[in-house]
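K.L.:
sequence isn't available, so here's the structure alone:
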């Protein structure tokens, strides 16, 4: 690791830590029944890569802005991501007992409280943005509109429905990409776009960032699918081969493992090409792009 | 019914119809998987009193404003109310098969889709407000903050958790009122406050409206509890006596039926007294207050 990478790693570690502290503060600030706060906090604090908040911080950095400007939005996005995991893990959805090596929310708190903890996180995320004092009303409204669109019935929720409908069916590449672009892609994209909005990026720059984000999101998902085959159980936090056991449509099942790896390289290269066109200081975003493409968990 | 009441009834019927049309338009505008749109639409169109949108329209009318100004907010609030019913009815929560005499959402679409339909409605509600072109960014931010607070972990979600925790316990009046003030009261209150915000009400007027709303909300709940004993099954849309069967804490169980009726009169009178202090044209709000206190379903 060279000294630039060391600096980048320090920046990201610091951002991650500050974001996790801020998440704790947001929850402890709530006047709410203790069990609800506990259940919300449990999944928020269950670790994870925090890739979305880090992408937001890296985008602000690319535009020469203080990453702290994005803290409430980063926390809001992480809350929405966390709510989606809680609901996805429920018995009526993926019925997962483990998430990141820990019992899932409903295994600890029961289904009803898990559903409500998810509902609470989703609702609170919009409150956080609306109440933030450091952003103009115009920017807040734009961020809320874009975030709701990314997370709602035209975004993440649509992707989850499409994923459920695909169970047992064999998809083509377009259908598989529809799922991932919505289920995981749109929340990753808004993490980057939010940074652009906060930094007053031009429409052209926002378009470039969006292209970057879409390719990054697909690279992220392909890497996930590859890890399900090649990963180590204790590192990825779930049994290896569970996609195949669950008869899931994946890039390797559609394209072979080698084909999936080629596709990963393609999307990583496309992401980087978009990034270079943005005309900003992209080294941290570039680093995160490599991290997504080569991560082990 | 005198001619003023006729006019009020016409106003409310028209508002209700326009709001239901607008809800249909909002759903049909979505680019989303058909089953998701169907599931969201099913519960939105399953009828109901639409008391929250009507309170918003009546508040705008009280300030001499066009009720159409509140349409997106009214639809957003009705979406949030509907999502809460879908999630409350789930097997892990109240496990209800019927709602307003129709099969509940999960009985038609399955649990997973019902959860996602609720998530979709909640998320979309914030998008609707953020994207509305007829309100200033400042007002939108205020409305989103207040609505999220009312619906989230310090409001409706807190009330639902507290209600679940109270199962099997015997509550005192303060504990019972905490549940209702949060579970149903805060969304009723924001429906009225939103009208005040849109009409640029003074802080003092907003405070008066809030007092009105709190008493109205409690009157609403007490009437619900009384109807569970005295109502007719085909009119209330669920079996009479189900609260008692489910060992629920209610006003009649705590105060006797006569005591609950006295309490209903008390809160109705307090609501009306607050209303008269607001210095605006309150006749439709007054009419709705009577409707809440004497309704048969």
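P.N.:
Everything's here; your move. These figures come from a predicted structure and were not determined experimentally.
K.L.:
can you pull out the strands in chain A?
P.N.:
Assigned by DSSP state E, the strands in chain A fall at A:98-99, A:102-103.
K.L.:
which of these is buried the deepest?
P.N.:
Comparing the strands of chain A by mean neighbour count (mean count of other CB atoms under 10 Å in any protein chain shown), strand A:98-99 ranks first with a mean of 17. In short, each C-beta sits where N, CA and C put it, glycine included.
K.L.:
relative to it, what are the paired strands and their orientations?
P.N.:
The strands beside strand A:98-99 in its sheet (DSSP bridges) come out as strand A:102-103 (antiparallel).
K.L.:
can you list contacts of the partner strand?
P.N.:
Around strand A:102-103, the neighbours that count as contacts under CB atoms under 8 Å, 6 or more residues apart in numbering or on different chains are A:46, A:97.
K.L.:
pull the distance from that strand to the chain's centre.
P.N.:
On the basis of CA atoms, centre = their mean, to the nearest Å, strand A:102-103 sits 19 Å off its chain's mean C-alpha point.
K.L.:
next one: residue A:258 from chain B, what distance?
P.N.:
According to CB to the nearest CB, to the nearest Å, residue A:258 and chain B sit 32 Å apart.
K.L.:
burial count for that residue?
P.N.:
9 (other CB atoms under 10 Å in any protein chain shown).
K.L.:
which residues sit in contact with residue A:82?
P.N.:
Residue A:82 is in contact with A:43, A:44, A:121, counting by CB under 8 Å, 6+ apart.
K.L.:
now mean pLDDT too, for the strands of chain A, in CSV please.
P.N.:
Listed next are those as CSV, based on pLDDT from 0 to 100:
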stretch, mean pLDDT
strand A:98-99, 92
strand A:102-103, 96
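K.L.:
quick one: closest of those strands to residue A:25.
P.N.:
When these are compared by CB to CB, strand A:102-103 sits nearest residue A:25, at 22.2 Å.
K.L.:
related to what we said a few turns ago, now render the strands of chain A as a markdown table, adding distance to residue B:83.
P.N.:
As requested, the strands of chain A are arranged in a markdown table below (distance: least, CB to CB, whole Å):
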| stretch | distance to residue B:83 |
| --- | --- |
| strand A:98-99 | 24 |
| strand A:102-103 | 27 |
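K.L.:
picking up where we left off before, so which of the contacts of residue A:82 is the closest to chain B?
P.N.:
Nearest to chain B, judged by CB to the nearest CB, of the contacts of residue A:82 is residue A:121 at 8.0 Å.
K.L.:
ok, for residue A:139, nearest residue in space, not its chain neighbours?
P.N.:
In space, and not counting its chain neighbours, residue A:139 is closest to residue A:197: 6.1 Å by CB to CB, 6 or more residues apart in numbering or on different chains.
K.L.:
ok, the one you found touching residue A:146?
P.N.:
Yes: at 7.3 Å, residue A:197 counts as touching residue A:146 under the criterion of CB atoms under 8 Å.
K.L.:
in chain A, what spans have low per-residue confidence?
P.N.:
Across chain A, the ranges flagged by pLDDT under 70 are A:1, A:233-239.
K.L.:
select the longest helix from it.
P.N.:
The longest helix of chain A (DSSP state H) is helix A:203-230.
K.L.:
packing partners for it?
P.N.:
helix A:51-62, helix A:173-180, helix A:186-198, helix A:242-245, helix A:251-276, helix A:283-294 (3 or more CB pairs under 8 Å, 6 or more residues apart in numbering or on different chains; DSSP states H and E).
K.L.:
so who does the closest residue to residue A:31 other than its chain neighbours touch?
P.N.:
Spatial nearest neighbour of residue A:31, excluding adjacent residues (CB to CB, 6+ apart): residue B:154 at 5.4 Å. Neighbouring residues of residue B:154 by CB under 8 Å, 6+ apart: A:30, A:31, A:32.
K.L.:
got it, and residue A:148?
P.N.:
Going by CB under 8 Å, 6+ apart, residue A:148 touches A:126, B:123, B:124, B:126, B:127, B:130.
K.L.:
just the ones of the residues you listed in helices?
P.N.:
Secondary structure from DSSP H places A:126, B:123, B:124, B:126, B:127, B:130 of the contacts of residue A:148 in helices.
K.L.:
now, of the contacts of residue B:154, which are buried?
P.N.:
A:30, A:32 (16 or more other CB atoms under 10 Å in any protein chain shown).
K.L.:
between the contacts of residue B:154, which sits nearest residue A:55?
P.N.:
Closest approach between these and residue A:55, by CB to CB: residue A:30, at 26.4 Å.
K.L.:
against residue B:137, how distant is the closest one?
P.N.:
Using CB to CB, to the nearest Å, we find residue A:30 at a distance of 26 Å from residue B:137.
K.L.:
one more: residue A:91?
P.N.:
For residue A:91, the distance to residue B:137 equals 42 Å [CB to CB].
K.L.:
so which residues on the stretch 151-297 of chain A come close to chain B?
P.N.:
Neighbours of chain B within the stretch 151-297 of chain A, by CB under 8 Å from any CB of the partner chain: A:151, A:152, A:153, A:154, A:157, A:158, A:160, A:161, A:162, A:164, A:165.
K.L.:
now, which of these lie within helices?
P.N.:
When these are checked against helices (DSSP H), the matches are A:151, A:157, A:158, A:160, A:161, A:162, A:164, A:165.
K.L.:
can you redo the residues you listed as TSV with neighbour count?
P.N.:
Output for those, formatted as TSV (neighbours: other CB atoms under 10 Å in any protein chain shown):
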residue	neighbour count
A:151	30
A:157	30
A:158	25
A:160	27
A:161	26
A:162	22
A:164	19
A:165	16
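K.L.:
now, the most widely separated pair of these?
P.N.:
Largest separation among those by CB to CB: A:151 and A:165, giving 19.1 Å.
K.L.:
and the stretch 1-150 of chain A, which residues reach chain B?
P.N.:
Contact residues (CB under 8 Å from any CB) of the stretch 1-150 of chain A with chain B: A:30-33, A:35-37, A:40, A:83, A:87, A:90, A:92-93, A:110-113, A:115-116, A:118-120, A:122-124, A:126-127, A:129-131, A:136-138, A:140-142, A:144-145, A:148-149.
K.L.:
which among those residues end up buried?
P.N.:
Buried among these by 16+ other CB under 10 Å: A:30, A:32-33, A:35-37, A:40, A:83, A:87, A:90, A:92-93, A:111-113, A:115-116, A:118-120, A:122-124, A:126-127, A:129-131, A:140-142, A:144-145, A:148-149.
K.L.:
quote the end-to-end distance of stretch A:161-174.
P.N.:
With CA to CA, to the nearest Å as the measure, stretch A:161-174 spans 16 Å from end to end.
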